[in-house]
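**Q** Mind folding the following:
(one chain, ligands or ions: 2)
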Amino acid sequence: MAASLIFRSPPYSLAPILYPTPQNPRPITTTTTIHASTTPTPTTPPPPPPSKHRRPAEQNIREEARSHPSLTNPHNYSAKYVPFNSTAPPNTPTTESYSLDEIVYRSRSGGLLDVQHDMDALKQHSGAYWKALFDSRVGKTTWPYGSGVWSKKEWVLPEIDSDDIVSAFEGNSNLFWAERYGKQFLGMNDLWVKHCGISHTGSFKDLGMTVLVSQVNRLRKMNRPVVGVGCASTGDTSAALSAYCAAAGIPSIVFLPANRISIAQLVQPIANGAFVLSLDTDFDGCMQLIREVTAELPIYLANSLNSLRLEGQKTAAIEILQQFDWEVPDWVIVPGGNLGNIYAFYKGFLMCKELGLVDRIPRLVCAQAANANPLYLHFKSGWTDFKSVKANTTFASAIQIGDPVSIDRAVYALKNSNGIVEEATEEELMNAMAQADSTGMFICPHTGVALSALIKLRNSGIIGPTDRTVVVSTAHGLKFTQSKIAYHSKEIPDMNCRYANPPVHVKADFGSVMDVLKKYLLSKDSK
Ligand SMILES: Cc1ncc(COP(=O)(O)O)c(C=O)c1O
Ligand SMILES: N[C@@H](CCOP(=O)(O)O)C(=O)O
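**A** Ligands and ions are numbered 1, 2, ... in the order given. Presented below is the predicted three-dimensional model:
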């Protein structure tokens, strides 16, 4: 019997990639079915041998993109900086604006900025068009669309030349169905964990940093005065900054609070060749210093105070919708520190609604460590009178922040998404992390904070058992092994560590091994 082989046509041609159009919103592919018989007849010519490359062999993917320059911004979409306005929707017209090619972080009045897109131009296409375009780019190696961020280039940084982009094909991260965790610990059947930390440098910061460093690359090519890029960091921003700068050959400078970040995070910028300053202060102190320094020296500021970063980070929200085939989850829970990310999620969801991809946005929850909880206190006060706090030590060290720069953005996002703020004690976050790990995850303590918030909202009945809920996991658990070791060795003062699973030390002889194994198997059998 003839076997049926299905070939996608043309997998090996040099034809440019065909993009969907409003008339034809699906990516253009054709399928040809070839019936291969085990004894080929002489009248059937054999198929041509597949070429190793879809482009000339001497061309790389960047050069290939260069040879199709008309695809870079064919519709002249644009974006600019405008003052962030906490009393009006993000795309409200304003008289104060700046080109993204200017080096500016604050509005004239000293407030935050926001990147505003030309929504009228984007609205010339239907929601169906955008969905089909974004879907057509997933999982490809076409420069730069193989990145989960740049697959949404028109909504991120539409005017940048693809040639200036610095990307590690970040994004497209796993949306994990937390089947066992949801069922066993929460009685939930539709719980998901968006693993933003399974990424190039192990955190969601890659999503924003590819955008920021690409823009710096462009500015330097335009001979703008940018000698290097700098940030204050609790470990993840610095890792992402140093990696993307190293990839582009741009100097990076990072300010770290001495002895307050994990070893794995400290070694990242060191390995990537950043200029690392370890400062005897906390993150808020480092942030203050980098703001002063970048106002004096030609060092571009890479923290999320710079609204370019959030344009990349917002693609995680779009990606979640895309992964659910453009169905909107009920809840999205995000751990918060400097508070740029919660606003980035809001922006991503809102943009999908405004451009007709979905008809609503999810309710957002921001989760903070109780030891660094200024947003939680502000929420509990009914949003009256914000006060920064002195952040205390927390296992969720990347969110040990008492004076978040994006407080206004976060409040705006939460108010406009019918949002909630929760907090987690050290014991709660560590137990949640251990429970999640025991069901096959390997999460960071910040994700433990978000899971603790979920547990509280489930217990109070605010989140229902069948609510589709997404917990955003912000960093890879491997960056935080010290905290896991301390927990599982029961070495944490005043903490019960009730889910600790320490290794059993056994004499290396058959009898001793059999004894402990039998005891273990009996304990499992009785459950
Ligand atoms: C792992 C991790 N989770 C969460 C956050 C909080 O993000 P944001 O500062 O945008 O609130 C950070 C950084 O602050 C982080 O590094
Ligand atoms: N957790 C962050 C803190 C700085 O946040 P940013 O988003 O403003 O850069 C880090 O990893 O440094």
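**Q** For the rest of this, base every contact and every neighbour count on C-alpha atoms.
**A** OK.
**Q** now the helices for the stretch 201-350 of the chain?
**A** Here the stretch 201-350 of the chain has its helices, by DSSP state H, counting those that start in this stretch, at 205-221, 236-248, 263-271, 283-296, 308-313, 315-323, 340-354.
**Q** tell me which residues in the second one are buried?
**A** With burial defined by 16 or more other C-alpha atoms under 10 Å, the residues of helix 236-248 counted as buried are 236-246, 248.
**Q** now, which of the residues you listed lie close to ligand 2?
**A** Counting by C-alpha under 6 Å from any ligand atom, 236-238 from the buried residues of helix 236-248 sit close to ligand 2.
**Q** For the nearest residue to residue 388 once chain neighbours are set aside, give its distance to ligand 1.
**A** What sits nearest to residue 388 in space, not counting adjacent residues and going by C-alpha to C-alpha, 6 or more residues apart in numbering, is residue 403, at 4.8 Å. Counting by C-alpha to the nearest ligand atom, to the nearest Å, the separation of residue 403 from ligand 1 is 11 Å.
**Q** Burial check on residue 403, number of neighbours?
**A** Neighbour count of residue 403, defined by other C-alpha atoms under 10 Å: 24.
**Q** Now for it: which residues touch it?
**A** 284, 338, 374, 388-390 (C-alpha atoms under 8 Å, 6 or more residues apart in numbering).
**Q** which element is it on?
**A** If you go by DSSP states H and E, residue 403 is not part of any helix or strand.
**Q** any low-confidence regions in this protein?
**A** Along the chain, segments meeting pLDDT under 70 span 1-53, 69-72, 527.
**Q** Work out which residue lies at the spatial centre of it.
**A** By C-alpha atoms, centre = their mean, the mean C-alpha position of the chain lies nearest to residue 204, the distance being 3.2 Å.
**Q** The closest residue to that residue other than its chain neighbours: neighbour count?
**A** Using C-alpha to C-alpha, 6+ apart and skipping the chain neighbours, the partner closest in space to residue 204 is residue 196 (5.0 Å). Residues lying near residue 196 (other C-alpha under 10 Å) number 26.
**Q** and the stretch 351-500 of the chain, which residues reach ligand 2?
**A** 398-399.
**Q** residue boundaries of the helices in the stretch 351-500 of the chain?
**A** So, for the stretch 351-500 of the chain - with DSSP H, counting those that start in this stretch - the helices run 374-380, 407-415, 426-437, 445-459, 481-488.
**Q** Now that we have the ones you listed, can you turn them into JSON lines and tack on distance to ligand 1 and mean neighbour count?
**A** As requested, the helices of the stretch 351-500 of the chain are exported to JSON lines (distance: least, C-alpha to the nearest ligand atom, whole Å; neighbours: other C-alpha atoms under 10 Å):
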{"stretch": "helix 374-380", "distance to ligand 1": "10", "mean neighbour count": "21"}
{"stretch": "helix 407-415", "distance to ligand 1": "8", "mean neighbour count": "21"}
{"stretch": "helix 426-437", "distance to ligand 1": "13", "mean neighbour count": "23"}
{"stretch": "helix 445-459", "distance to ligand 1": "5", "mean neighbour count": "25"}
{"stretch": "helix 481-488", "distance to ligand 1": "13", "mean neighbour count": "18"}
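**Q** Any idea which of these gets closest to residue 347?
**A** helix 407-415 (8.0 Å; C-alpha to C-alpha).
**Q** Just name the most buried of the helices of the stretch 201-350 of the chain.
**A** Most buried of these, by mean neighbour count (mean count of other C-alpha atoms under 10 Å): helix 308-313, with a mean of 28.
**Q** That helix packs against which elements?
**A** Judged by 3 or more C-alpha pairs under 8 Å, 6 or more residues apart in numbering; DSSP states H and E, the packing partners of helix 308-313 are helix 205-221, helix 340-354.
**Q** can you put the ones you listed in CSV and add distance to residue 441?
**A** Output for those, formatted as CSV (distance: least, C-alpha to C-alpha, whole Å):
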stretch, distance to residue 441
helix 205-221, 20
helix 340-354, 22
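**Q** Identify whichever of these lies nearest to residue 444.
**A** Closest of the helices and strands packed on helix 308-313 to residue 444 is helix 205-221, at 14.4 Å (criterion: C-alpha to C-alpha).
**Q** could you give the angle of the closest one to helix 236-248?
**A** Counting by axes from the mean of the first three to the mean of the last three C-alpha atoms, to 10 degrees, helix 205-221 lies at 40 degrees to helix 236-248.
**Q** show me what contacts residue 400?
**A** Neighbour list for residue 400: 234, 283, 337, 369, 371-372, 391-394 [criterion: C-alpha under 8 Å, 6+ apart].
**Q** cool, and residue 90?
**A** Residue 90 is in contact with 84, 114, 116, counting by C-alpha under 8 Å, 6+ apart.
**Q** Since that was my last question, I'll sign off now.
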